[in-house]
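> with the sequence up front, the predicted model follows.
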Amino acid sequence: MTQTNTRPRIRLKPKANARGMRHGFPWVYANDIVADRRTRKIEAGALAVLEDENRAPIALVAVNPESKIMCRVLDRDLDARLDAAWFESRIRRALALRERLFNTPYYRLIHAEADGFPGVVIDRFGDACVIQPNAAWAEAHLETLTEALVSVTGVTTVLKNASGRTRGLEGLDDVNFTLRGTAPDAPLPVPMNGATYMADLTGGQKTGLFYDQRPNHAFAAQLVQPGAQVLDVFSHVGGFGLAMLAGGAGQALAVDGSAAALELAAQGAQTSGSADRFQTRQGDAFDVLTQLADEGAKFDVVICDPPAFAPSKQALDAGLRAYERVARLSASLVKPDGYLGLCSCSHAVDLGRFRDASSRGIGRAGRQAQLIHTGFAGPDHPQLPQLAESGYLKAVFYRL
């Protein structure tokens, strides 16, 4: 008997987009499914066969009746077994791309749907990996995933990071755990763009470091001339500031609300050999931007990389107003012929709306601007073409 015959069936409603799912869209929303009593009783993380309204099979899916994304497409092979070989094959393919792109093992190894692991993120830090299993199916297969990860990459430490809003939406816990090896008792140094960043794998935000901005850090570094004064707002562990110092900036000021993040940024500056040119200021970014304007401060390059102001469609309008405000406040701090970089990691804000909000803010600051560059996440964060949400990061750079 095949796996197909023993697995539960989930059927789409007549008006659901079956064609889109056949062409690669990876999610099935709860309101597109014929949810009878049997369907609702399927255990979170279990596998099922997705069928169209005529009961023709489409794909093997993972099911979570507690989530608005009730099904996630795992495989077009309806008889696929989620064993070690299945996980190893996909990890090996993802690893081959990263090893082609990077000559050191510091990158996002698995970027969810785009790498064939719906809802799963894995960041690599040398001999350590941090897994965010943000979907119920991944939580159910976490041991097999971990074994496959160690087998393919040879890492000695694997940590589970359970923070973040997504796990709550899936009905999952928020308990971090050491899956293999020993959790590091100090931040790990990560080389990028000529600087060294300190990643706290156990107590930092998300997995400890944001690799997605790597190419945008590099572009910002190209904008600085020797001795330039630069400002990095929402700096986290010093992402843009440290890269610009490595590029020749004379002085960098990092602003963030987290004292712990700024301490890691200062450690990174020390390790990078630029501590004498690096300063921090803790506080609410909007307040600090206003204070700097009152002080008459001016910078050659200003970068603002805030958290997601619009994490959902319901927050879109408020988020756009916040992005506009950031642009207005930061534009006033840029010297004539200086540069302003603005970023958004909000899924709900597309590039056009973000660019418009940023440009409005710059205009309301009384500045004229040239849009000189648009950046996105690095290639270790590949996009799934059928899933707009996988292209979440946008960065726009202006000359004022």
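Perfect, thanks for sending it.

> mind checking which helix or strand of this protein has the lowest mean pLDDT?
When each helix and strand of the chain is scored by mean pLDDT, DSSP states H and E, helix 3-6 comes last, with a mean of 68.

> give the next helix or strand downstream of it.
strand 9-11 (DSSP states H and E).

> can you spell out which helices and strands pack onto that following strand?
strand 47-51 (3 or more C-beta pairs under 8 Å, 6 or more residues apart in numbering; DSSP states H and E). For the C-beta atoms, the positions are set from N, CA and C on the backbone; glycine is no exception.

> and if we set it to 10 Å?
helix 37-40, strand 47-51, strand 57-63 (3 or more C-beta pairs under 10 Å, 6 or more residues apart in numbering; DSSP states H and E).

> so for the shortest one, mean pLDDT?
Per-residue pLDDT values across helix 37-40 average out to 84.

> what is the distance between it and the centre of its chain?
34 Å (C-alpha atoms, centre = their mean, to the nearest Å).

> swap in stretch 158-174?
14 Å.

> is it true that residue 215 touches residue 374?
No - the pair formed by residue 215 and residue 374 falls short of the contact definition of C-beta atoms under 10 Å, at 11.4 Å.

> neighbour-wise, which of these two wins?
residue 215 (17 against 14; other C-beta atoms under 10 Å).

> buried residues, whatever helix or strand that one lives in. List them.
Following DSSP H and E, one finds residue 215 within helix 214-223. Neighbour counts using 16 or more other C-beta atoms under 10 Å place 214, 215, 216, 217, 218, 219, 220, 221, 223 of helix 214-223 among the buried residues.

> what stretches of this protein score poorly on pLDDT?
1-5 (pLDDT under 70).

> longest helix in it, by residue count?
Ranked by number of residues, the top helix in the chain under DSSP state H is helix 84-101.

> quick one: residues in contact with it.
Contacts with helix 84-101, where a contact means C-beta atoms under 10 Å, 6 or more residues apart in numbering, come from 74-75, 77, 80, 105-111, 114-117, 120, 122, 124, 141, 144-153, 378-380, 382.

> list the buried residues for that helix?
86, 87, 88, 90, 91, 94, 95, 97, 98.

> over to stretch 22-34?
Buried residues in stretch 22-34, counted by 16+ other C-beta under 10 Å: 25, 26, 27, 28, 30, 32, 33.

> can you tell me the closest non-neighbouring residue to residue 331?
residue 365 (3.8 Å; C-beta to C-beta, 6 or more residues apart in numbering).

> contacting residues around that neighbour?
So, once contact is read as C-beta under 10 Å, 6+ apart, residue 365 ends up touching 293, 327, 328, 329, 330, 331, 332, 333, 334, 340, 400.

> correct me if wrong: the fourth one contacts residue 289.
Yes - using C-beta under 10 Å as the test, residue 329 is close enough to residue 289 to be in contact (4.0 Å).

> list residues touching both of those two?
233, 302, 304.

> dump those residues into JSON lines; add secondary structure and neighbour count as well.
Listed next are these as JSON lines, based on DSSP: H, G, I helix; E, B strand; the rest coil; neighbours: other C-beta atoms under 10 Å:
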{"residue": "233", "secondary structure": "strand", "neighbour count": "27"}
{"residue": "302", "secondary structure": "strand", "neighbour count": "31"}
{"residue": "304", "secondary structure": "strand", "neighbour count": "25"}
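
> out of those residues, who's nearest residue 282?
residue 233 (12.1 Å; C-beta to C-beta).

> the closest one and residue 53: what is the separation?
From residue 233 over to residue 53 the distance is 51 Å, taken as C-beta to C-beta, to the nearest Å.

> residue 238 now?
53 Å.

> between these two, who's got more neighbours?
Shown here are residue 238 and residue 53; by other C-beta under 10 Å, residue 238 has more neighbours (31 against 13).

> quick check: phi and psi at the residue nearest to the more buried one when sequence neighbours are not counted.
In space, and not counting its chain neighbours, residue 238 is closest to residue 265: 3.3 Å by C-beta to C-beta, 6+ apart. Backbone geometry at residue 265, expressed as degrees, to the nearest 10, gives phi -60, psi -40.

> tell me who's in contact with residue 265.
197-198, 232, 235-239, 241-242, 252, 254, 256, 258, 278, 280.

> that older thread, looking at the helices and strands packed on strand 9-11, which is closest to residue 20?
strand 57-63 (10.4 Å).

> mind listing what's buried in that closest one?
Applying 16+ other C-beta under 10 Å to strand 57-63 flags 58, 59, 60, 61, 62, 63 as buried.
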